[in-house]
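>>> Return a 3D structure for these sequence lines:
(2 chains)
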Amino acid sequence: MAEPPISKDVAEIEQTLGNVTLFSHLNARQRARLARFATTRDYKQGSTIVRQGDTSMSLYVILSGSVRVNRESEGGGGAVEVEKLGPGGAFGEMGLIEDLPRAATVVAQEPTTCALLAKWDFQNELRDDPEIALSLLPVLTGRIRELDSLLAQAQADR
Amino acid sequence: MQRLLRTWLKFSAASHFDDATWTPREAQEKKLLEVVARNKDTAYGRDHDFGSIRSIEDYQRAVPMNTYEALTPYIDRVFAGEQNVLTADVPLMFATTSGTTGRAKYIPVTPSYLSEYSHGVHVHTYRMFTDFSDMLEGKILVSSSSDEEGISDGGLPFGAISGYLARKQPGAIKRFYALPYELSKVKQVESKYYLTLRYGAAEDVRLLVTPNPSSMLLLADKLNVWADELIHDIRKGGANAAYVPEGSPKALTAGLRADPARADELQAILKRDGALTPRAVWPNLRLLSCWKGGTMPLYLRKLPAVFGDVPIRDLGYMASEGRGATPLVNSGAAGVLNVTSHFFEFVPEEQRDEPNQQFLTCDELESNREYYIYFTTSAGLYRYDINDVVRVVDFYRNTPVIQFIRKGQGMTSITGEKLTESQVTGALLEAVESGGYDVQHFTAKVQWGEPPRYALYAELGDSMTTERSREFLRAFDRSLCEQNIEYEAKRESTRLGAPVLRRVAPGSYQALRQKRVAEGAPESQVKIPQLSTDMEFGAALDVLEEVRLDG
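Presented below is the predicted three-dimensional model:
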């Protein structure tokens, strides 16, 4: 298999990956390896970057600019803004692990540049370096704890 | 053998494709120049000075955008047996297209084109085998259609590429497949489904592939309807003669061996569950693969009820004219543009009717925008307008991930509402989900009158009383207003009348499919539209009831 062409932004991507929660336990060498597989893409203000329900192939990390994350509620009633993300923000993280459609629609609020990391390349890295998988475990178990806590709170509020 | 197959798929196709996705523009130019160089001395190549083409820009200047009609004078010569007209390669057969009205289209299938087409198949297959590593420990059940529907004036067969690929499979590969090639030639729908199940129910099927998800639902339904006959035949060997067409070759039923142990297993399932379901019959089924985009969601939403939580992967954006994209994951209905199969160009959807359309290459596409797509292939289709609209939903490395949205011709406009098939499908799904209405098949068409309106032909379940049908009709009309503001405005101004629902007899759509097959369309590719532009649509259907909103 051919080596990917190295992005001119590789140093910036490597640094920004450190801000992504999912990768917060990765060491510098592991982040550098992932950054080599990232590509960059520019989006105009107002353009839809990904749409809820669509095929999910890549993680997006914002290098510059900002985005609005909207989610359609299941019972209809239109889209609700769930968050805004700026440089260092990421969406599609869970898509690297699960094979599920996009959970939200993401729109560029201004000219925005993102780094994209394909699920396939990420998973190949996991196969080559299982230490990466171990580094993800604290983040994932942390999320389970958060959800447990929210569930318990919701039950207590009933 | 499994490892050998996987390694072959990887090095024959998957790695090449994967590497090209980093630099799609370069891959596309390489592919284009390869096609042009090979065909520079053909009649079409000389007429368009292929010899002077050195770049994508040269090609775009030298060759006009083509429709099938524009290429017909050349294709007719190829069909008559003349060589070196569109391609330097001599065609092996002609692929016939379906889904269109009027005269059939014949696509010359050359060895180079077959290689391009198979390339996409191999990438798709390799990724499925990688993601589901024990898939090859069971069987793959793939439906295919006949590659020999007839013979051209020049003596070549015409039919479906899927049948040709099934016929040419090496013996070592065939052993992974549940169905024999001869089944692709069975025209009678009932026979085809019975024999498919007769072969399939005896096997440990791990992958089920049919282009249309409605075929999967029909297989599931028939599995139960024919449970006793299937178990009997599996126990005794052979197949009920009523389902074996007269004059069939021996090879059609040669593989139907007696398997009393399997018959006992199926009998036990039937006794335990009171029915044969795919979930119980094929407990190791790892993946379903079918079309998921366009009008398919009406059927897709019903698959989990019969197949459980088996993942569903799109089969890929493809047609007789070429393979546009290969899905690499299960989510959604999109695939990665096949940058190593054919050369593609795109025109933004809103520029379709403009005199100076902007033809874009794949590196120039933007996320979430819709484009008309044009193919250049080794079948001799140059800058070919397939009349499809695709949307960019993501990027894989630097290559767009596209989803088929609709046929360009799937648009109607009585009073300027420009209604698209995807809007009709969207409104249909929203209405069905809002009230749990049992709508099995559906087609909208224009009905002229004072005022004009849309007539909705539908095959409905037993729970759909007249009142429920009226509720559904109201919900559909409301959803369509939300999908298309022009439709809403025209409805409010009464320039468009309220839609009318025509309930058709059970089995009408299956009969329609059978009719299309009898006319020469490959069974697995027959698509009955959800928005028909054929003014005759519905004329031959048996309408049981007409439901109206406006008295």
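
>>> Of all the residues in the helix ranked longest in chain A, which ones are buried?
Determined from DSSP state H, the single longest helix within chain A is helix A:130-157. Buried residues in helix A:130-157, counted by 16 or more other Cβ atoms under 10 Å in any protein chain shown: A:Ile132, A:Ser135, A:Leu136, A:Val139. In short, each C-beta sits where N, CA and C put it, glycine included.

>>> Please state the mean pLDDT value computed over stretch B:301-318.
What stretch B:301-318 shows for mean pLDDT is 95.

>>> Check the secondary structure at the closest residue to chain A within the stretch 251-400 of chain B for me.
Closest residue of the stretch 251-400 of chain B to chain A, Cβ to the nearest Cβ: B:Gly332 (3.0 Å). At B:Gly332 the chain is in coil, as set by DSSP: H, G, I helix; E, B strand; the rest coil.

>>> neighbours of B:Asp76, just the number please.
Neighbour count for B:Asp76, taken as other Cβ atoms under 10 Å in any protein chain shown: 13.

>>> so which strand or helix has it?
Here B:Asp76, judged by DSSP states H and E, is contained in helix B:68-79.

>>> Alpha carbons of that helix, as CSV, please.
Output of helix B:68-79 as CSV, limited to C-alpha atoms (Å, rounded to 0.1, in the frame of the first residue of the first chain):
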residue,chain,number,x,y,z
TYR,B,68,-27.6,7.6,-25.3
GLU,B,69,-29.5,9.1,-28.2
ALA,B,70,-26.5,11.0,-29.3
LEU,B,71,-24.4,7.9,-29.3
THR,B,72,-27.0,5.7,-30.9
PRO,B,73,-25.6,6.0,-34.5
TYR,B,74,-22.3,4.5,-33.2
ILE,B,75,-24.0,1.9,-30.9
ASP,B,76,-26.2,0.8,-33.7
ARG,B,77,-23.1,0.0,-35.8
VAL,B,78,-21.6,-1.9,-32.9
PHE,B,79,-24.9,-3.8,-32.4
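
>>> got the contact list for it?
B:43-44, B:64, B:85-87, B:91, B:94, B:105-106, B:108, B:152-154, B:380-382, B:384 (Cβ atoms under 8 Å, 6 or more residues apart in numbering or on different chains).

>>> In space, what's closest to the residue of the stretch 251-400 of chain B closest to chain A - neighbours in sequence excluded?
Leaving aside its sequence neighbours, B:Gly332 sits nearest to A:Thr55 (Cβ to Cβ, 6 or more residues apart in numbering or on different chains; 3.0 Å).

>>> Also B:Glu182?
Distance criterion Cβ to Cβ, 6+ apart; nearest residue to B:Glu182, sequence neighbours excluded, is B:Leu252 at 4.2 Å.

>>> what sits against the one you found?
So, once contact is read as Cβ under 8 Å, 6+ apart, B:Leu252 ends up touching B:Pro180, B:Glu182, B:Leu183, B:Val186, B:Leu195, B:Val244.

>>> most neighbours, which of those?
In those, the most neighbours by other Cβ under 10 Å go to B:Leu195, 26 neighbours.

>>> what comes up buried for the helix holding B:Asp76?
So for helix B:68-79, counting by 16+ other Cβ under 10 Å, buried means B:Tyr68, B:Leu71, B:Tyr74, B:Ile75, B:Arg77, B:Val78, B:Phe79.

>>> Turn these into TSV, columns for pLDDT.
TSV is the format used below for the buried residues of helix B:68-79 (pLDDT from 0 to 100):
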residue	pLDDT
B:Tyr68	91
B:Leu71	96
B:Tyr74	98
B:Ile75	97
B:Arg77	98
B:Val78	98
B:Phe79	97
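
>>> quick revisit: which phi and psi values does the residue nearest to B:Glu182 adopt?
Per-residue torsions, B:Leu252: phi -60, psi -40 (degrees, to the nearest 10).

>>> Tell me the residues on the stretch 301-450 of chain B that lie near chain A, please.
Contacts of the stretch 301-450 of chain B with chain A, taken as Cβ under 8 Å from any Cβ of the partner chain, map to B:311, B:327-336, B:366-368, B:393-398, B:401, B:403.

>>> Just to check, A:Leu96 is in contact with A:Leu116?
No. Using Cβ atoms under 8 Å, A:Leu96 is not in contact with A:Leu116; the gap is 11.3 Å.

>>> can you list the residues of chain A near chain B?
So chain A meets chain B at A:1-2, A:4-5, A:39, A:41, A:43-44, A:47-51, A:53-58, A:95, A:99-102, A:116, A:118-121 (Cβ under 8 Å from any Cβ).

>>> Do you have the strands of the stretch 351-500 of chain B handy? List them.
Ranges of strands in the stretch 351-500 of chain B, per DSSP state E, counting those that start in this stretch, are B:370-376, B:384-396, B:399-407, B:411-412, B:419-420, B:439-447, B:453-460, B:500-504.

>>> Tell me the confidence at residue 101?
This is for chain A. On pLDDT, A:Pro101 comes in at 94.

>>> Chain B, not that one
Taking B:Thr101 on its own, its pLDDT is 38.

>>> What of the one 3 residues further on?
What the model reports as pLDDT for B:Ala104 is 76.

>>> And the nearest residue to it once chain neighbours are set aside, its phi and psi?
Nearest non-adjacent residue to B:Ala104, counting by Cβ to Cβ, 6+ apart: B:Thr96, 5.2 Å away. For B:Thr96, the backbone dihedrals are phi -100, psi 140 (criterion: degrees, to the nearest 10).

>>> if I read this right, B:Thr96 contacts B:Asp147, doesn't it?
No. In this structure, B:Thr96 is not within contact of B:Asp147 by Cβ under 8 Å, at 9.7 Å.

>>> what packs against the helix or strand containing A:Asn70?
A:Asn70 is part of strand A:67-72 when elements are defined by DSSP H and E. For strand A:67-72, the packing partners by 3 or more Cβ pairs under 8 Å, 6 or more residues apart in numbering or on different chains; DSSP states H and E come out as strand A:79-85, strand A:105-108.
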